[in-house]
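K.L.:
Pasting a predicted model and its sequence here:
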Amino acid sequence: MEGYRVVTMDDAASQGNIFVTATGNVHVINHAHMKAMKNEAIVCNIGHFDSEIDIASLEKYEWDEIKPQVDHVTFPDGKKITILAKGRLVNLGCATGHPSFVMSASFTNQTMAQIELFNNYKKYENKVYILPKTLDEKVARLHLAKIGVNLTRLSTEQAEYIGVPADGPYKPNHYRY
Amino acid sequence: MATQAAKNLAPDFKVADMKLADWGRKEIQIAEHEMPGLMALREEYKGKQPLKGARITGSLHMTIQTAVLIETLADLGAQVRWASCNIYSTQDHAAAAIAAAGIPVFAWKGETLEEYWWCTEQALAWADGKGPNMILDDGGDATMLVHKGAEYEAKGVVPDADANANEEWKVFLGLCKRSLAANPKKWTTVAAGIHGVTEETTTGVHRLYQMQERGELRFPAMNVNDSVTKSKFDNLYGCRESLLDGIKRATDVMIAGKICVVLGYGDVGKGCAQAFRGMGATVGVTEIDPI
């Protein structure tokens, strides 16, 4: 519904110029896909691990390092493809990762999670938890002034009408954003 | 470099080049202006030290932004030891600045797999043979080392890697074998001292839920990834900017007019697809989920 064509890699391999993996899975770009690619196709990964592209299947071919984390791989028929960061995170391997502002939101969550768990670990079982929505909303609030956001405040009448506190949390836990 | 049993180094850090520390410090100061949430926590908890007594081992990309996180944790009273969670992701000037600030950090850009796991082991090794009491993880490697190490100690043996296993798994099992031979109780003791882990990313969270289902988790875990202000921002808007940054610095290729294929249409994939479209590419996505 965003206007992108939804395709399979079997069909798209021979059509694309640039490929990025973001699945968290294994070998979603395999040897057959890379064999089918156009000359000078660029192949990279932005998922956490280097499992998404079958780099090992290319080891038998000639590798030419253009510069660190940028390699040309030549197939037996002479076709070349460019592999970035040897299939590891391209944004951190070839650049410097995400910008500070968005990492502030992530790391504010991290810091609050550390404070909560370190001080109250006895209240938790050996399970996986998520932070309460009040803290999620707090993280967001701490970032609004920097980008000039003027939030509208619920009046008492409006808050009662939709049944949420004027100070939040505003959405039920099942809301997906 | 051979993996060795972790011990206290002098000096207690390993980075690429300490001469980069001043440059790193300047960029950290710029980043602080762009990280209002972390700076607000420093202000809110001034003098309160809510992390006093915390010994935090961090395994997360040692970048300038992470340096601001590390110094926030320290400002809140924690002792911190750090390693990167990817062999290529360290910014050497950030690591040098953190080392210069007296915080033990083991990270440089372009580690071998052996060096990577050595760094992770160093970050988990505190003075007097202690371990951390908290882990801050990204992808779950530090948590995995503690859990697998303790699991193999309980069995008394580390399995051999399959012939088909990837290189990293072979390196990992090699480390576990050396550790078991040197101290058959090391990871069991470390695991028992850990109060909890906070996990940064989708992949690490996936691992944690799998461990929870199998009843293997040895301490509580906080899934930071699924805070709305994490995955709906970092994964989406972060990748929307840093994907093209990586491709451009690597290749200088023109994106407009290209056919770009994004595999996986989660938050990260959505950000990547938007970035390509914004530059004028024709974008295709692959996905398994009909929703």
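P.N.:
Perfect, thanks for sending it.
K.L.:
which secondary structure elements does the helix or strand harbouring B:Met211 contact?
P.N.:
Here B:Met211, judged by DSSP states H and E, is contained in helix B:202-213. In this structure, helix B:202-213 makes packing contacts with strand A:128-130, helix B:141-155, strand B:196-199, strand B:221-223, judged by 3 or more C-beta pairs under 8 Å, 6 or more residues apart in numbering or on different chains; DSSP states H and E. From N, CA and C alone the C-beta is placed, and that goes for glycine too.
K.L.:
For B:Gly131, find the nearest of those.
P.N.:
Nearest to B:Gly131, of all the helices and strands packed on helix B:202-213, is helix B:141-155, at 7.7 Å by C-beta to C-beta.
K.L.:
Could you pull out the buried residues of the closest one?
P.N.:
The neighbour-count check on helix B:141-155 (16 or more other C-beta atoms under 10 Å in any protein chain shown) flags B:141-153 as buried.
K.L.:
Quickly name whichever of those is closest to chain A.
P.N.:
Of all the buried residues of helix B:141-155, chain A sits closest to B:Asp141, with 9.7 Å by C-beta to the nearest C-beta.
K.L.:
in the chain, which spans are helices?
P.N.:
Since you didn't name a chain, this refers to chain A. Remark: helices assigned in chain A by DSSP state H are A:9-12, A:31-36, A:90-93, A:100-120, A:133-141, A:156-162.
K.L.:
Can you look at chain B instead?
P.N.:
Using DSSP H, the helices of chain B run over B:21-33, B:36-44, B:64-75, B:92-100, B:113-123, B:141-155, B:167-182, B:186-192, B:202-213, B:228-230, B:239-251, B:267-278.
K.L.:
could I get those as CSV with mean pLDDT?
P.N.:
As requested, these are arranged in CSV below (pLDDT from 0 to 100):
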stretch, mean pLDDT
helix B:21-33, 98
helix B:36-44, 98
helix B:64-75, 98
helix B:92-100, 98
helix B:113-123, 97
helix B:141-155, 98
helix B:167-182, 96
helix B:186-192, 97
helix B:202-213, 97
helix B:228-230, 97
helix B:239-251, 98
helix B:267-278, 98
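K.L.:
For A:Cys94, which of those helices is the nearest?
P.N.:
Of the helices of chain B, the one closest to A:Cys94 (C-beta to C-beta) turns out to be helix B:239-251, at 3.9 Å.
K.L.:
Run through who's touching the closest one.
P.N.:
With contact meaning C-beta atoms under 8 Å, 6 or more residues apart in numbering or on different chains, helix B:239-251 is reached by A:18, A:20, A:22, A:42, A:44, A:46, A:67, A:69-70, A:82, A:84-85, A:90-99, A:102, B:253, B:255, B:267-268, B:271-272, B:274-276, B:278-279.
K.L.:
Just the buried residues of those.
P.N.:
Buried among these (16+ other C-beta under 10 Å): A:18, A:20, A:22, A:42, A:44, A:46, A:69-70, A:82, A:84-85, A:90-99, A:102, B:255, B:267-268, B:271-272, B:274-276, B:279.
K.L.:
List the contacts of residue 91.
P.N.:
I'll assume chain A. A:46, A:97-98, B:239, B:242-243, B:245-246.
K.L.:
actually it's chain B I care about, not the one you picked
P.N.:
If a contact means C-beta under 8 Å, 6+ apart, then B:Gln91 has A:96, B:24, B:62-64, B:109 as its contacts.
K.L.:
Can you report how many residues lie near the nearest residue to B:Gly156 once chain neighbours are set aside?
P.N.:
Distances taken as C-beta to C-beta, 6 or more residues apart in numbering or on different chains put B:Pro184 closest to B:Gly156, at 7.3 Å, once the chain neighbours are dropped. Applying other C-beta atoms under 10 Å in any protein chain shown, we find 13 residues neighbouring B:Pro184.
K.L.:
I'd like to know how far B:Pro184 sits from B:Pro132.
P.N.:
As judged by C-beta to C-beta, to the nearest Å, B:Pro184 and B:Pro132 stand 20 Å apart.
K.L.:
likewise A:Phe107?
P.N.:
Applying C-beta to C-beta, the value for A:Phe107 to B:Pro132 is 18 Å.
K.L.:
Mind checking which of the two has more residues around it?
P.N.:
Neighbour count, other C-beta under 10 Å: between A:Phe107 and B:Pro132, A:Phe107 has more, with 29 against 25.
K.L.:
how near is that one to chain B?
P.N.:
Distance, A:Phe107 to chain B, using C-beta to the nearest C-beta, to the nearest Å: 4 Å.
K.L.:
Isn't that residue up against B:Met35?
P.N.:
Yes. Using C-beta atoms under 8 Å, A:Phe107 is in contact with B:Met35, at 7.3 Å.
K.L.:
what do those two both touch?
P.N.:
Residues touching both A:Phe107 and B:Met35 by C-beta under 8 Å, 6+ apart: B:65, B:68.
K.L.:
quick one: contacts of the helix holding B:Met211?
P.N.:
Residues from elsewhere that reach helix B:202-213 (C-beta under 8 Å, 6+ apart): A:24, A:47-49, A:126-128, B:137-140, B:143-144, B:147, B:197, B:199, B:217, B:221, B:223, B:225-226, B:231, B:235, B:266, B:268.
K.L.:
Count residues in the vicinity of residue 12, would you?
P.N.:
Let's take chain A. 21.
K.L.:
Oops, wrong one, chain B.
P.N.:
Using other C-beta under 10 Å, B:Asp12 has 16 neighbouring residues.
K.L.:
Now it: closest residue in space that isn't a chain neighbour?
P.N.:
In space, and not counting its chain neighbours, B:Asp12 is closest to B:Pro104: 4.5 Å by C-beta to C-beta, 6+ apart.
K.L.:
okay, which residue of chain A is out on the far edge from center?
P.N.:
Centroid-distance maximum for chain A: A:Glu157 at 40.0 Å, with C-alpha atoms, centre = their mean.
K.L.:
so how far is B:Gln49 from that one?
P.N.:
To B:Gln49, A:Glu157 is 43 Å away according to C-beta to C-beta.
K.L.:
If you count neighbours, what's buried in stretch B:161-172?
P.N.:
Neighbour counts over stretch B:161-172 (16+ other C-beta under 10 Å) mark B:166, B:168, B:171-172 as buried.
K.L.:
how far does that stretch sit from the chain's center?
P.N.:
Between the mean C-alpha location of stretch B:161-172 and the chain-wide mean there is a distance of 21 Å, by C-alpha atoms, centre = their mean, to the nearest Å.
K.L.:
quick one: is that stretch near chain A?
P.N.:
Yes. If you take C-beta under 8 Å from any C-beta of the partner chain as the test, stretch B:161-172 does meet chain A, through B:Asn166.
K.L.:
measure that stretch end to end?
P.N.:
One end of stretch B:161-172 sits 9 Å from the other (C-alpha to C-alpha, to the nearest Å).
K.L.:
was I right about A:Gln69 contacting A:Cys94?
P.N.:
Yes. Counting by C-beta under 8 Å, A:Cys94 is a contact partner of A:Gln69 at 5.2 Å.
K.L.:
Need the overlap of contacts for those two.
P.N.:
Contacts common to A:Gln69 and A:Cys94, judged by C-beta under 8 Å, 6+ apart, are A:84-85, B:250.
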